[in-house]
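Enquirer: Predicted coordinates and the sequence they were generated for:
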Amino acid sequence: MVGAFDHAPGRPEHIDSILNGLDRYNPESTAIFQEYVVQQCDEKFYDCYANLALLKLYQFNPPLTKDETITNILVKSLTVFPGPDFSLALHLLPPHILTPASTSSALPAAGDAPLSEAVQKLNVLNNLLAQASYASFWSTLDSDDLYADLIADVSGFEELIRVRIALTISQTVREIQRPVLESWLGMQGDAFTKFINGVCGWEVDGSVVKIPLNKENEAKSTIVQENPKIEQFSRVIRRAYEQPA
Amino acid sequence: MSAFQNGAAPARAIDDNSDVEEEALAADYREQVQYEGMDDMEPTMSMAQQTDDIQSRLAAAAQPLDFTAPLEVKFTSYDNYCSLFHFILNSEGPVDLEPPSYYWAWDVIDEFIYQFNSFCSYRNRVARQGNNEEEIAILREAPNTWGCYSVLNVLYSLIQRSQINEQLAAMKRNEEPMAVAGDYGSKPLYRMLGYFSIIGLLRVHCLLGDFSLALKTLDDIELNKKAMFARVMAAHFTTYYYVGFSYMMMRRYADAIRMFSHILIYVSRTKNFQKNAQYDSISKKNDQMYALIAICVAFHPTRLDDTIHTALREKYGDQLLKLQRGGPESLPIFEELFRSACPKFISPTPPDFDNPELNVDPLEHHLSIFMDEVKTNMWSATVKSYLRLYTTMDLKKLAGFLEVEPEKLRGWLLVNKQRSRQIRWTDNGLLDGEIASSGDLDYAMQSDLIHISEAKVGRKLVDWYLRNLARTY
């Protein structure tokens, strides 16, 4: 989470030099960035800044656009919710992409109708995650085969999302009923206990799951106290010297 | 209009005095440009004529173009810019010119981008309405006029030629910038054009919806009163508007508020010194920034500077109350303020003249993405107002008060907690920052029990002590 927006651990040097030079606008960089997206999908890492540069190339050169890469970038950016990444990517897509299908259905020839449909579907997922409606997220994901196609390229998508959900839960929750947590994580039974114990390090205690205290879920009342520094008194002290009583 | 004129002599004054001369000059100059290629012209002109000519072209480039100007004029204006920048950038070695005034470089870059912006919006509108066959035909023929690649090319070339980023980096290290300035960058003309091109890039990226790159562009510029842009009011103002807006779109509301507050306080302190005409044109952007501050404060309640707070209540009192109350009633207000205060977004590529329905106004696109974020957050204010009243609270009971499903409330609590943690700038680049928890309210859930805690500010003793000590002396 912390770390500058324009850096990514694991970014290869040649990508870095394209990003910092004018080649980021060179249509020939498209292929390199596309490969890099594939690599991110396969190796479970993520480089928002580079992906946005690719979307910008598409923005400037619409004929180069590859729908699959766009949806892969969007799916990858879901895995870092609740960050703004998904929205930042959306802002760079063509303005008609979010207009409801009713207007675009009149143009079956418009070619990118499937793309706008896919983007809108992913936007639904993004909003569910942003609103912490995790149970609906999982049921929506299961409700349509298109979703399965969209996330197919991103290896470990469900796992990445689960870890992310768990992280947001641990910020707010000390203890939670097991059924609620099961619905939020979209898993039950052995898989659930394995995830809770193994990945999260939480403890299942009968019908509740206990989450160890951390800085976020303590909710300690704090009193902001002043921390007086000697410099604040420098004038007083100086005057005491200058005008001996 | 094209932001605000800074030139010592405003454009209009010249018009009044020497209308005829001006026109003759312009006609003459248009004719010359039509011959294309200044290199060919050189032998036919004496040195004196040439200098005159260039000076008038420099002045013309900073003149605002009326937004109702016919397409033809917009095309000519584009060609004029191209040949002027071509001359400045691609002559043999740096050209030996003094900028007509201190503000000239800013005015040129500002006007250049303004015309690019209004051309793109206009082209999109013509395509969307699809009823002006004649203009559609003209625009279709010239997809590269005012193209984003050529605009970016000009800005990046000016930046590179002047080595301005290297110069700024040297200044940051307290070294002599002239050591890295090179042949071009040591001349004021190039240095100023390069510098304001950075601000220009910030603006263009923001207009295109690339908010992170917009902020990244300013890496080498330090935002403080010593910065070069601070000497040109319009540049100062524009920079903070676009930086603040970009922060807002990246959901870094605390940083956005900091930017808007800084410049609004500055304007309110200096407004008595501004010439009236200048102040009028600033005041529109000023109101826009108040609207944006209102939005940001609704997302991120915080104590504003007293001056800002009073002005905000005066201008947007009713709206602010509704925004802060949240819920579905606040949505139209968010939308209204966003529409009135956002930059005039553009789409970088020529529109699809064959499918007018596909040419959605980019504003609608950015607005709908923004509104999703508003909807995600709209219950936070309500939830917080209840939590503030208790130290522990049963989730189901609170859900009853709020008349929602307990499951929904659980989600709202998670959302509010996530959103109270924001990245905040500490130092270095504008994109850097650390996660800080905002707000004075914190809570945690233990099954259905919500534990609530407040951060209280202790008594400010140092101040009290010093004040009383001063009195006894």
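Expert: That came through fine.
Enquirer: Show the average pLDDT along the helix or strand in which B:M248 is found.
Expert: Taking DSSP states H and E as the criterion, B:M248 maps to helix B:233-249. Mean per-residue pLDDT for helix B:233-249: 91.
Enquirer: lowest confidence element among the helices and strands of chain A?
Expert: For chain A, counting by mean pLDDT, DSSP states H and E, helix A:101-104 ranks last in confidence among helices and strands (a mean of 52).
Enquirer: residues of the longest helix along chain A that come out buried?
Expert: Taking DSSP state H as the criterion, chain A has its longest helix at helix A:113-130. Across helix A:113-130, burial judged by 16 or more other CB atoms under 10 Å in any protein chain shown covers A:115-116, A:118-119, A:121-123, A:125-130. Yep, even glycine has a C-beta here, placed from its N, CA and C like the rest.
Enquirer: So which other helices or strands are in contact with the next helix or strand after that helix?
Expert: The helix or strand immediately downstream of helix A:113-130 is helix A:134-143, counting by DSSP H and E. Identification of packing neighbours for helix A:134-143 by 3 or more CB pairs under 8 Å, 6 or more residues apart in numbering or on different chains; DSSP states H and E yields helix A:113-130, helix A:145-151, helix A:178-185.
Enquirer: Make JSON lines from those and add distance to chain B and mean pLDDT to it.
Expert: JSON lines is the format used below for those (distance: least, CB to the nearest CB, whole Å; pLDDT from 0 to 100):
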{"stretch": "helix A:113-130", "distance to chain B": "5", "mean pLDDT": "90"}
{"stretch": "helix A:145-151", "distance to chain B": "19", "mean pLDDT": "90"}
{"stretch": "helix A:178-185", "distance to chain B": "7", "mean pLDDT": "91"}
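Enquirer: For these, give me CSV that also has distance to B:A62.
Expert: CSV is the format used below for the helices and strands packed on helix A:134-143 (distance: least, CB to CB, whole Å):
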stretch, distance to B:A62
helix A:113-130, 42
helix A:145-151, 50
helix A:178-185, 59
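Enquirer: Tell me where the model's unsure across the chain.
Expert: By default, I'm working from chain A. Scanning chain A for pLDDT under 70 picks out A:1-3, A:101-113, A:243-245.
Enquirer: try chain B instead
Expert: B:1-52, B:225, B:272-281, B:439, B:458, B:473.
Enquirer: all strands for it, in order.
Expert: B:392-394, B:421-424, B:434-437, B:441-446, B:449-454, B:456-457 (DSSP state E).
Enquirer: quick one, the longest helix along chain B and helix B:233-249 angle?
Expert: For chain B, the longest helix by residue count, based on DSSP H, is helix B:104-129. Relative orientation of helix B:104-129 versus helix B:233-249 (axes from the mean of the first three to the mean of the last three CA atoms, to 10 degrees): 50 degrees.
Enquirer: Pull out the buried residues from helix B:104-129.
Expert: B:104-124, B:126-128.
Enquirer: before we move on, the earlier item: which residues outside the longest helix of chain A are in contact with it?
Expert: For helix A:113-130, contacts defined as CB atoms under 8 Å, 6 or more residues apart in numbering or on different chains pick out A:67, A:70-71, A:74-75, A:78, A:81-82, A:86-87, A:90, A:93, A:96-101, A:104-105, A:107, A:134, A:136-137, A:140-141, A:144, A:146-147, A:150, A:161, A:165, B:372-373, B:375-376, B:415.
Enquirer: Check chain B and tell me which residue is nearest its centre.
Expert: B:Y242 (1.9 Å; CA atoms, centre = their mean).
Enquirer: Just to check, it is in contact with B:D210?
Expert: No. Using CB atoms under 8 Å, B:Y242 is not in contact with B:D210; the gap is 11.7 Å.
Enquirer: wait, what's in contact with the most centrally placed residue in chain A?
Expert: The centroid of chain A falls nearest to A:V80 when counting by CA atoms, centre = their mean (1.9 Å). A:V80 sits next to A:Y46, A:C48, A:R164 when contact means CB under 8 Å, 6+ apart.
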